[in-house]
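Participant: Please work out how this folds:
(chains A, B, C and D)
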2 protein chains.
Amino acid sequence: MGPFSSIAVTVDLVVFTIRTERLHVLTVTRGVEPFEGRLALPGGFVLPEEDLDQAAGRELAEETGLGRGDGLHLEQLATYGTPGRDPRQRVVTVAYLALAAALGDPTAGTDAAEAQWLPVEDVLVGGLAFDHDRILDDGLDRARAKLEYTTLATTFCPPTFTVADLRQVYEAVWGVSIDPRNFHRKVVASEGFVEETGERTAEGRGRPAMLFRAGPATALHPPIVRQGSVARELGG
Amino acid sequence: MGPFSSIAVTVDLVVFTIRTERLHVLTVTRGVEPFEGRLALPGGFVLPEEDLDQAAGRELAEETGLGRGDGLHLEQLATYGTPGRDPRQRVVTVAYLALAAALGDPTAGTDAAEAQWLPVEDVLVGGLAFDHDRILDDGLDRARAKLEYTTLATTFCPPTFTVADLRQVYEAVWGVSIDPRNFHRKVVASEGFVEETGERTAEGRGRPAMLFRAGPATALHPPIVRQGSVARELGG
DNA sequence: CGATTAATCGTCAGTTTGACGAATAGTTGA
DNA sequence: TCAACTATTCGTCAAACTGACGATTAATCG
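Facilitator: Got it, this is the predicted structure:
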């Protein structure tokens, strides 16, 4: 294939979770040049006999210990290949978006001793190496949009959760506050979004809440819309 | 970077347009093995100093003569890299989706003497080389979804067009028929979707229609929804 | 010129929305 | 113990939006 083979292919991960009611992203501290000591998104090379999705799943498992069956969501985000984005050589990276329920601190002892969860707003202000700020931004846009018309918000929740838990997911990801009464009405009316477990929360202030599990639906009809979000988005 | 560099990176294009009220996709007939003589999506290698978007734009220009300023839309679709998808060597391809107004037959004389527009439904039934059927399918899904909540339908139209022209875009892409009265109401009420030119069509049967041009909006609020499309999409 | 065609305007009932009041069922603190 | 507090859940209401479809308008066709 001639002179075209000198491009390295990697996968990078934008992994979101919610801790203490704020959206967090998984980061690693680079141990080598370039950008040594700087924060970056986790990622690595695609192995010669490995599918792209496989590579992303492997990297995710290495960094977090999460794998199939942990109710996490993994989808391809976009691919970035501007010449010079890695100063060493031409690197094309396929970015993936992962959503996970809150879990303990990243598995030390593995490849990812330097990995840590950081609040997205703290990272967004230009803190990442390479073009990872842009990738994080695109991942955030994608996650925000997907909450509107898919049931993916439940992947941020534990196996059983309350409507308030689910609402806090939307509030954390969108950075807005939502009327609990209208949100409750829409969620329980949305067929297949959540299923009753019959149980209710034991502790906590206020009236005990019903516990739900994720329902079988993947798409939301009608969607849960951000108030003035995309609206009035004019531009030329 | 060791043993990781032996992956070739290409771009492939899903180019849609509308001819005779049906959605068409740009195809090429392969002149070399593998899949010699078979239909495929146009595409080619990413050059060493070339950005991915650039490569896609270049390939599009080579095949169609279309370039910036022709009011066409070009966006990254997804990346495909399953080992074995190209029997010769490991190839990762970044697919792009392009939408264009109807134009003449593909520019013969260039690289693309074998390029032709074919109705999507004729191609969908497993006619393409490599994994291009899958790519076409993903492109079709993306195009259908984007018509709902963006103003991209106008990129299928000439500089000035009627509401009926726009409706035929939706009907061709979605493969449904739409009530002309409700569609008209929504389109003219949607701020920034279309702008009046003050002119009207001269020829044709029936009452002459007002001519519009594309407005400044990029997002649609509220969206133009497919009837029962995504609705009831349960599964798990 | 009447039939036909297509564009545009209207009507109407049913649904969904955002705003917000009210009842419920717990915990907290004096 | 009980009033204050908090959070969940249920209701109400007017405004907006939707799909179905009738009616009018303005052209071409036979």
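Participant: Now do the longest strand along chain A against strand B:8-19, angle only.
Facilitator: Determined from DSSP state E, the single longest strand within chain A is strand A:8-19. Using axes from the mean of the first three to the mean of the last three C-alpha atoms, to 10 degrees, one finds that strand A:8-19 and strand B:8-19 are set 70 degrees apart in direction.
Participant: What strands line up against strand A:8-19, and which way round?
Facilitator: Each strand that pairs with strand A:8-19, with its direction, by DSSP bridges: strand A:22-29 (antiparallel), strand A:43-45 (antiparallel), strand A:91-99 (parallel).
Participant: Include mean neighbour count, mean pLDDT and distance to A:H132 when you put those strands into TSV, please.
Facilitator: For the C-beta atoms, the positions are set from N, CA and C on the backbone; glycine is no exception. Rendered in TSV, the data for the strands paired with strand A:8-19 read as follows (neighbours: other C-beta atoms under 10 Å in any protein chain shown; pLDDT from 0 to 100; distance: least, C-beta to C-beta, whole Å):
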stretch	mean neighbour count	mean pLDDT	distance to A:H132
strand A:22-29	21	96	9
strand A:43-45	21	96	9
strand A:91-99	25	98	9
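Participant: how about the ones you listed in TSV, adding distance to A:L147?
Facilitator: As requested, the strands paired with strand A:8-19 are arranged in TSV below (distance: least, C-beta to C-beta, whole Å):
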stretch	distance to A:L147
strand A:22-29	11
strand A:43-45	24
strand A:91-99	10
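Participant: which residue ranges form the strands in chain A?
Facilitator: Listed in chain order (using DSSP E), the strands of chain A are A:8-19, A:22-29, A:39-40, A:43-45, A:73-80, A:91-99, A:116-119, A:194-200, A:210-214.
Participant: what does the longest helix that chain A contains contact?
Facilitator: When chain A is scanned for its longest helix (criterion: DSSP state H), the result is helix A:132-149. Here helix A:132-149 makes contact (C-beta atoms under 8 Å, 6 or more residues apart in numbering or on different chains) with A:12, A:14, A:16, A:25, A:40-41, A:77-78, A:80, A:93, A:95, A:97, A:99, A:120, A:123-124, A:126-128, A:152-153, A:169-170, A:173-174, A:219-220, A:223-226, A:229, B:230.
Participant: so which of the strands of chain A comes closest to DNA strand C?
Facilitator: Closest to DNA strand C of the strands of chain A, according to C-beta to the nearest atom of the strand: strand A:194-200, at 7.6 Å.
Participant: Quick one: work out the angle between the closest one and strand A:210-214.
Facilitator: Going by the same axes, to 10 degrees, strand A:194-200 makes 140 degrees with strand A:210-214.
Participant: mean confidence for strand A:194-200?
Facilitator: Taken as a whole, strand A:194-200 has a mean pLDDT of 96.
Participant: again with stretch A:224-236
Facilitator: When the per-residue pLDDT values of stretch A:224-236 are averaged, the result is 47.
Participant: for stretch A:137-144, same thing?
Facilitator: Summarised as a single mean, pLDDT over stretch A:137-144 is 98.
Participant: Tell me which residues of it come out buried.
Facilitator: Going by neighbour count (16 or more other C-beta atoms under 10 Å in any protein chain shown), the buried part of stretch A:137-144 is A:D138, A:G139, A:L140, A:R142, A:A143, A:R144.
Participant: can you tell me how far the fifth one sits from DNA strand D?
Facilitator: Applying C-beta to the nearest atom of the strand, to the nearest Å, one obtains 23 Å for the distance of A:A143 from DNA strand D.
Participant: Kindly report the same for A:E59.
Facilitator: From A:E59 across to DNA strand D, the span is 35 Å (C-beta to the nearest atom of the strand).
Participant: now that residue: how far from chain B?
Facilitator: Distance of A:E59 to chain B, given as C-beta to the nearest C-beta, to the nearest Å: 14 Å.
Participant: right, and that residue touches A:P42 too?
Facilitator: Yes - counting by C-beta atoms under 8 Å, a contact exists between A:E59 and A:P42, whose distance comes to 6.1 Å.
Participant: Now do stretch A:73-92: distance to the chain's middle.
Facilitator: 18 Å (C-alpha atoms, centre = their mean, to the nearest Å).
Participant: now do stretch A:35-47
Facilitator: Mean C-alpha position of stretch A:35-47 versus that of the full chain (C-alpha atoms, centre = their mean) differs by 17 Å.
Participant: Okay then, goodbye and thanks.
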